[in-house]
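[1] Sequence plus the predicted model coming up.
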Amino acid sequence: MTTTAAPATAPFRFFDVQVVRARRVSTSVVRITFGGERLAELASGGRDQRFKLFLPQPHQDRPVFDDTGDSWYAAWRAQDPAERPVMRSYTIREQRHAPREFDVDFALHGAGPEAASTAGGPASRWAAGARPGDRLTVLAPAVEDNGGVDFRPPAGTDWILLTGDETALPAIAGILSWLSPGTHAKVWIEIAHDDDRQHLPTFADADITWLVRDTTDGTRGTHGTGGTAGPDAARREPVLAAVRAAELPEGTPYAWIAGEAGTVKALRRHLVRDRGIDRRAVKFTGYWRRGATEEDLIAELMAGAAAPSDED
């Protein structure tokens, strides 16, 4: 199995990009292709490569920054919230060099032309109405080995465990495409609708279970191969219920879990406490949190950064 260590630095640069095309790939996902003059300098590390995407405010035709230098974050925080670009983290679904462009899959979370104006978040609403020529800014890597790649199985890993919801699907797709031939992977993916399933090419020996929330009676349920669990647990947290019920392979695993923060936390607890997996072998990321907007999470981070430490 291929393994990599995290780099000491994370060189990222700002790129001005525009929408080349937008395509609805399923009920819940729209795939947007971005192009730009300097994209020859963008170097995705593949796997779960994340980057920062900046949206303009509704009255702007492009994001407006006070500073895009080394002090960009402090300057961004200090901007008037009504003028400050809306910042979100996303995964590069695929990068191409001829032509120079990259794809990003946006989970719509109910946003769309017929939906209420409050459905989804700012990025979902923007993606639902994106048109060729729309302009954005991204903060993306300029070298392939960068700090925006989290999936790094250590030497001695025998098999891979992956879980996520539709927000983590692009990263899971990237990870599966990166895995070496013969690698054994157990994968659980929660999606909103049956047509949200995607073809996930991989050289790995991957056992993929799709967990579909949208059932005929409107409840949250599970579909696919793998273990079964009680109906109440499956409807409430289908990924957690499926992993708890699963028979896992022997050997040393490396787990990558992402999606809703509460579910991710519960999954990590299960893998470490109940399954005895070394906590250092579990990479976990909360892409979103039920009942909170990303602005709420950013505000919490800002407050935490501004708060004095116990040593002050």
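    Thanks, I have it.
[2] CA only for contacts and neighbour counts going forward, please
    Noted.
[3] for this protein, what spans make up the helices?
    All helices of the chain, identified by DSSP state H, fall at 72-78, 122-128, 169-178, 231-236, 238-245, 261-269, 294-306.
[4] Lowest average pLDDT across those helices?
    Least confident of the helices of the chain, judged by mean pLDDT, is helix 231-236 with a mean of 50.
[5] Could you tell me the model confidence score at Pro85?
    In this model, Pro85 carries a pLDDT of 97.
[6] Strand partners (parallel or antiparallel) of the lengthiest strand in the chain?
    Longest strand in the chain by number of residues (criterion: DSSP state E): strand 12-24. Sheet pairing of strand 12-24 (DSSP bridges) gives strand 29-35 (antiparallel), strand 135-141 (antiparallel).
[7] Let me know the pLDDT of the residue lying closest to Ala261 once chain neighbours are set aside.
    Among residues not flanking Ala261 along the chain, Gly286 sits closest, at 4.0 Å (CA to CA, 6 or more residues apart in numbering). The model reports Gly286 with a pLDDT of 94.
[8] and what of Phe12?
    In this prediction Phe12 is given a pLDDT of 95.
[9] show me the contacts for it.
    Applying CA atoms under 8 Å, 6 or more residues apart in numbering, we find Phe12 in contact with 139-143.
[10] Make a markdown table out of the residues you listed and add distance to Asp274.
    Listed next are the contacts of Phe12 as a markdown table, based on distance: CA to CA, whole Å:
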| residue | distance to Asp274 |
| --- | --- |
| Leu139 | 39 |
| Ala140 | 38 |
| Pro141 | 37 |
| Ala142 | 40 |
| Val143 | 39 |
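[11] about what we covered before: for Gln79, which of the strands paired with strand 12-24 is the nearest?
    strand 135-141 (16.2 Å; CA to CA).
[12] Identify the bridge partners of Leu162.
    Beta-bridge partners, per DSSP bridges, of Leu162: Val187, Trp256.
[13] so who does it touch?
    Leu162 makes contact with 172, 185-188, 255-257 under the criterion CA under 8 Å, 6+ apart.
[14] Widest-spaced pair of those residues?
    Farthest pair in the contacts of Leu162 (CA to CA) is Ala185 and Ile257. Separation: 12.9 Å.
[15] Looking at the two, which is more packed in?
    Ile257 (26 against 21; other CA atoms under 10 Å).
[16] doesn't Leu271 make contact with the more buried one?
    No. Under the criterion of CA atoms under 8 Å, Ile257 makes no contact with Leu271, lying 10.4 Å away.
[17] Got the domain ranges for this protein?
    Listed by automatic domain parsing, the domain ranges of the chain are 12-141, 159-288.
[18] Between the two ends of the last one, what distance do you get?
    Pointing back at domain 159-288 there. Start to finish, the residues bounding domain 159-288 are 27 Å apart (CA to CA, to the nearest Å).
[19] same thing with the first one?
    Domain 12-141 has an end-to-end distance of 4 Å (CA to CA).
[20] gap between that domain and the chain center?
    Put simply, domain 12-141 sits 13 Å off its chain's centre (CA atoms, centre = their mean, to the nearest Å).
[21] Begin at 198 from now on, thanks
    Got it, the first residue is 198 from now on, which makes the last one we talked about domain 209-338.
[22] for the stretch 348-497 of the chain, which spans come out with low pLDDT?
    Applying pLDDT under 70 to the stretch 348-497 of the chain picks out residues 411-433, 488-497.
[23] Format the domains of the chain as JSON lines; extra columns: distance to Asp347.
    What follows is those, written out as JSON lines (distance: least, CA to CA, whole Å):
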{"stretch": "domain 209-338", "distance to Asp347": "6"}
{"stretch": "domain 356-485", "distance to Asp347": "7"}
